[in-house]
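Chemist: build the 3D model from these lines:
(chains A and B)
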Amino acid sequence: KQEVTQIPAALSVPEGENLVLNCSFTDSAIYNLQWFRQDPGKGLTSLLLIQSSQREQTSGRLNASLDKSSGRSTLYIAASQPGDSATYLCAVGRSGSRLTFGEGTQLTVNP
Amino acid sequence: EPEVTQTPSHQVTQMGQEVILRCVPISNHLYFYWYRQILGQKVEFLVSFYNNEISEKSEIFDDQFSVERPDGSNFTLKIRSTKLEDSAMYFCASKFIEDYGYTFGSGTRLTVV
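Modeler: Predicted coordinates:
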């Protein structure tokens, strides 16, 4: 059974800082990995999708990497802003099947 | 940008009542899902639906739950006799094909009293 763990559970940083969120998974037989953002009481906004054959994806100030063999992914956020404050969720998928989510990292960026 | 639309945004129901949560997936998507998130807990998979049938369901998705795609545009989740522990945020999601990522709706917060 796939287990997804995200570290740290919470992170508070000053505005402008670069930061890294970590995600690990127990079963390396994944199809893809997707990072989401969740604002309090809201839905999930997709940030980045990495296929199992890829090593990284970039979108603006966000960069996600994937090391399937070691069961790890990182989400790098450059030059953080207060508007980046949210919970960031990592989810891994198997072919044609469910996503398994981590518990998330709650990020606070202080002005 | 296309969206997955869920209605209602919030529903309060009495224990034992039936509820139907509604979703309109993105029109050209082929895979449809329901997930739920109990307050303070992980997002959990409930069921996936493809080619007009359930393709996978979790252990949570027991006989009290059912899904339907009645008219080619809507995708519904029915809970026949709600329990207090069914209180959660329910998310609908859709996906175009295998290689694409999921698009989630904004959720329906179900409160069972």
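Chemist: spatially central residue for chain B, please.
Modeler: Centre of chain B computed as the mean C-alpha position; nearest residue by C-alpha atoms, centre = their mean is B:W34, 3.2 Å away.
Chemist: that residue belongs to a strand?
Modeler: Yes - under DSSP: H, G, I helix; E, B strand; the rest coil, B:W34 sits within a strand.
Chemist: distance of B:E53 relative to A:G41?
Modeler: 33 Å (C-beta to C-beta, to the nearest Å). Quick note: C-beta positions are derived from backbone N, CA and C, even for glycine.
Chemist: what does B:F49 give?
Modeler: Separation of B:F49 from A:G41 (C-beta to C-beta) stands at 26 Å.
Chemist: before we move on, what about B:I20?
Modeler: Going from B:I20 to A:G41 by C-beta to C-beta gives 22 Å.
Chemist: do the same with B:L84
Modeler: Distance, B:L84 to A:G41, using C-beta to C-beta: 20 Å.
Chemist: ok, the two, which is more surrounded?
Modeler: Using other C-beta atoms under 10 Å in any protein chain shown as the criterion, B:L84 and A:G41 rank with A:G41 on top: 12 against 9.
Chemist: which SS state does the more buried one fall under?
Modeler: What three-state DSSP gives for A:G41 is coil.
Chemist: neighbours around residue 63, how many?
Modeler: Assuming you mean chain A. 16.
Chemist: I was thinking of chain B, sorry if that wasn't clear
Modeler: Neighbours around B:D63, by other C-beta under 10 Å: 7.
Chemist: please name the nearest non-neighbouring residue to it.
Modeler: Spatially, and ignoring its direct neighbours in sequence, B:D63 is nearest to B:R80 (7.8 Å; C-beta to C-beta, 6 or more residues apart in numbering or on different chains).
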